Structure formats: C-alpha cells, structure tokens
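> Predicted model follows, preceded by the sequence.
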Amino acid sequence: MDPHLLRTFVTVARLASFSAAARELGYTQSAVSQHIAALEQDLGAALLTRRPVAPTPAGTRLLEHAGPLLLRLDAARAEVVRMAAAPEQGLTLAATPTALTRRTVDALPPAGVTLTVLPRDEIPAAVATGTAELGLVDGLAAPSDPLPLPDVAPLTARGIAEDPVAVLLPERHPLARRTGLRLGDLVDARWLDAPGAGLPLAQLRSASGTSGFRPALRYDGTDLRTLMMLAAAGHGLALLPRAVAEQAPGAVAVPLTEPRVVHRTELLHAGTLRGPAATLTAQLDVTRS
C-alpha cells in the first residue's frame with residue numbers, strides 16, 4: 001500500500017472534499033482523484049462516496065489503521081534524521097500545563113529552550129515525529145503505576161514525579177470545608193471538562209470505575225488560569241495536582257482521599273538522548289531520587 005496514496009485518502013476523508021485536499025497537499029484535483037482511484041483499485045474496495053464525499057464502511061475501517069501507520073512512518077523518518085544529524089545546541093520540549101511544576105521548570109537549561117504547551121494526547125506524537133525532543137506528560141495513576149500511553153512509536157517513558165491531587169471547588173461550595181473528599185461521592189457533581197488543562201474526566205471515570213462525572217462546561221484550551229477561574233465561578237469542579245489547585249484564587253483545594261491515586265508526570269523521548277535533552281533528563285532523574 002503506497003503511503004502517498006494513503007495520506008491523500010486520509011486528507012480527503014478529513015476535509016470531505018477532493019478540491020480542499022488538493023489545495024492542502026499541493027496537488028491538482030485530478031491528481032487527488034487519481035490517487036484515490038489507484039488506492040481503491042489496489043485494495044479492491046470503494047473507499048469514498050463522491051456526493052457527498054464520505055468514507056464507505058471499508059474506508060472507515062482503513063482510516064482506523066491509516067493514522068497509526070502514517071504516524072509510525074513519520075516517527076521512523078524522524079528517528080533516522082535525528083541519528084544522522086549533528087547534535088543540536090538547543091532543546092525543544094512539549095509539555096502539558098500541569099506537568100510544568102516548579103521542579104521541572106527549575107531544571108530547564110538557562111537558554112536555548114523552545115517550550116510548547118500541548119494537550120496531553122498530542123505529546124507522544126510530537127516526540128515520535130521529532131517536533132519535540134522531549135515530552136512532559138501527566139495523568140492520574142495508582143502510585144508507582146505507569147501512565148497508559150498510546151502506542152504511536154517506540155518511546156521511552158521515565159517517571160519523574162508523583163504528587164497528591166485535590167478537588168478544586170468554589171469557596172462557597174457546600175463541600176469546601178471538608179478536610180478530604182472521596183471521588184465516589186462526586187460522581188453526580190457538575191464537572192469542568194478540560195482535557196487540555198486539567199485531569200481528563202475519562203481518567204476520573206476509570207479511577208472510580210463508574211460512568212458518571214457529567215460535564216457542565218467544556219474548556220478546550222490549555223491555560224490553567226482560565227480553568228481555575230471557571231472553577232472559582234462555580235461552573236464545575238476540577239481535579240488538579242494539589243500544589244497547583246492550592247494556588248487558585250477564589251477557590252478551595254480539598255485533598256482527594258479515596259481512591260489512592262496520584263498525579264504522575266513522565267518524561268518521554270525517542271532514541272538516544274544527546275546534548276541538552278540528555279542533560280535535562282539526567283537532572284530530573286537526580287532531583288527525583
């Protein structure tokens with residue numbers, strides 16, 4: 001299966017348009033049509049309907065495979081290029097907002113760092129494809145348990161921190177005076193759905209073994225201050241690392257006492273570390289021990 005044809009198919013399906021895909025890929029519309037026809041002939045199945053442009057059942061199934069396949073190809077290319085290239089003097093780092101603790105920030109080199117804040121589900125792909133040399137990703141986990149990461153490429157994950165978590169509530173919330181809260185008692189509460197800034201609701205459902213935690217408001221950004229303001233204004237609860245939650249103005253951080261889970265931070269990298277990336281990794285390993 002030609003990866004160029006596969007990439008064209010994914011683009012057409014995503015944009016639902018042959019002409020829009022041609023503009024994005026820099027091809028003519030005729031070339032895009034030829035790519036799709038060649039891929040359909042190779043597989044012996046119709047992959048797209050034409051009016052409207054939409055994947056057929058076979059096309060939908062191919063899309064499920066195509067994303068990981070193309071990402072693996074990009075990751076393989078990035079790793080070979082890294083091996084052949086001269087060591088860089090700078091450092092590119094992708095991180096979630098809540099992974100940027102005082103300890104991780106203090107460990108950064110004094111100069112030459114390019115830091116990008118991303119939603120946590122985008123960081124493994126950024127490291128795999130070489131967009132970032134290192135990734136700081138975090139999530140909710142049982143003590144000493146690794147984070148469940150997508151299998152996008154051969155990545156090395158190092159646990160660098162495990163911190164307590166707290167529920168962020170408005171100051172006048174009925175539970176704000178509690179000394180501790182159980183997650184199971186908050187299943188039916190109103191929550192903020194902020195997967196890019198806070199700990200995702202899916203992780204709360206997994207930790208509690210329930211399907212509750214209905215969102216009252218969704219926030220798609222990565223700015224922690226916005227998330228804190230939304231919680232303080234009563235738009236929903238949020239679960240955050242305790243040290244972060246305690247900094248929220250107009251809100252109260254109540255420790256989570258049950259289940260026994262922690263906010264875990266892991267450092268991701270691909271291949272052999274060199275230069276500033278190796279130095280930062282060693283520094284974080286030392287400060288954790």
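Received, thanks.
> quick one: contacts for Pro119?
Neighbouring residues of Pro119 by C-beta atoms under 8 Å, 6 or more residues apart in numbering: 96, 195-196, 222. C-betas here are computed from N, CA, C, even on glycine.
> Repeat the analysis, applying 6 Å as the threshold.
If a contact means C-beta atoms under 6 Å, 6 or more residues apart in numbering, then Pro119 has Gly196 as its contacts.
> quick one: it from Thr272, how far?
Note on Pro119: its distance to Thr272, by C-beta to C-beta, to the nearest Å, is 27 Å.
> and Thr92, which of the three is it?
Here Thr92 is recorded as strand under DSSP: H, G, I helix; E, B strand; the rest coil.
> surely it meets Ala132?
Yes: the pair Thr92 and Ala132 qualifies as a contact (C-beta atoms under 6 Å) at a distance of 4.8 Å.
> For Arg102, give me its contacts.
Contacts for Arg102 (C-beta under 6 Å, 6+ apart) come out as none.
> how near is it to Ala243?
Counting by C-beta to C-beta, the gap from Arg102 to Ala243 is 8 Å.
> Got phi/psi on His35?
Main-chain dihedrals, His35, degrees, to the nearest 10: phi -60, psi -50.
> Give me the below-cutoff pLDDT ranges for the stretch 151-289 of the chain.
152-153, 286-289 (pLDDT under 70).
> Go again with 80.
Within the stretch 151-289 of the chain, the segments meeting pLDDT under 80 span 151-154, 271-272, 285-289.
> What is the helix ranked longest in the chain packed up against?
Looking across the chain with DSSP state H, the single longest helix is helix 57-84. Here helix 57-84 touches helix 3-15, going by 3 or more C-beta pairs under 6 Å, 6 or more residues apart in numbering; DSSP states H and E.
> The helix it packs on: which residues count as buried?
Across helix 3-15, burial judged by 16 or more other C-beta atoms under 10 Å covers 5-13, 15.
> Same question for stretch 214-225.
Neighbour counts using 16+ other C-beta under 10 Å place 219, 222, 224 of stretch 214-225 among the buried residues.
> Now the terminal residues of it, how far apart.
One end of stretch 214-225 sits 22 Å from the other (C-alpha to C-alpha, to the nearest Å).
> can you list contacts of it?
97, 117, 190-194, 196-197, 235-236.
> Try it again at 10 Å.
95-98, 100, 116-120, 187-198, 201, 226-227, 229-231, 233-238, 240, 244-245, 247-249 (C-beta atoms under 10 Å, 6 or more residues apart in numbering).
> And the buried ones among those, selectable in ChimeraX?
Here is the ChimeraX command that selects only those of those that count as buried (16+ other C-beta under 10 Å):
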select :95,96,97,98,100,117,118,119,120,187,189,191,192,193,194,195,196,197,198,201,227,230,231,234,235,236,237,238,240,244,245,248
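> Just the ones of the contacts of stretch 214-225 in helices?
201, 226-227, 229-231, 244-245.
> nearest to Leu147, of the residues you listed?
Leu201 (16.4 Å; C-beta to C-beta).
> if I pick the closest one, what's in contact with it?
Taking C-beta under 10 Å, 6+ apart, we find Leu201 in contact with 191-195, 212-215, 218, 236, 238-239.
> What residues are bridge-paired with Leu115?
On the basis of DSSP bridges, Leu115 is bridged to Leu93.
> CSV for the contacts of Leu201, including distance to Met1?
Shown next, in CSV, are those (distance: C-beta to C-beta, whole Å):
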residue, distance to Met1
Trp191, 42
Leu192, 42
Asp193, 37
Ala194, 38
Pro195, 32
Gly212, 42
Phe213, 40
Arg214, 42
Pro215, 39
Arg218, 37
Gly236, 45
Ala238, 44
Leu239, 42
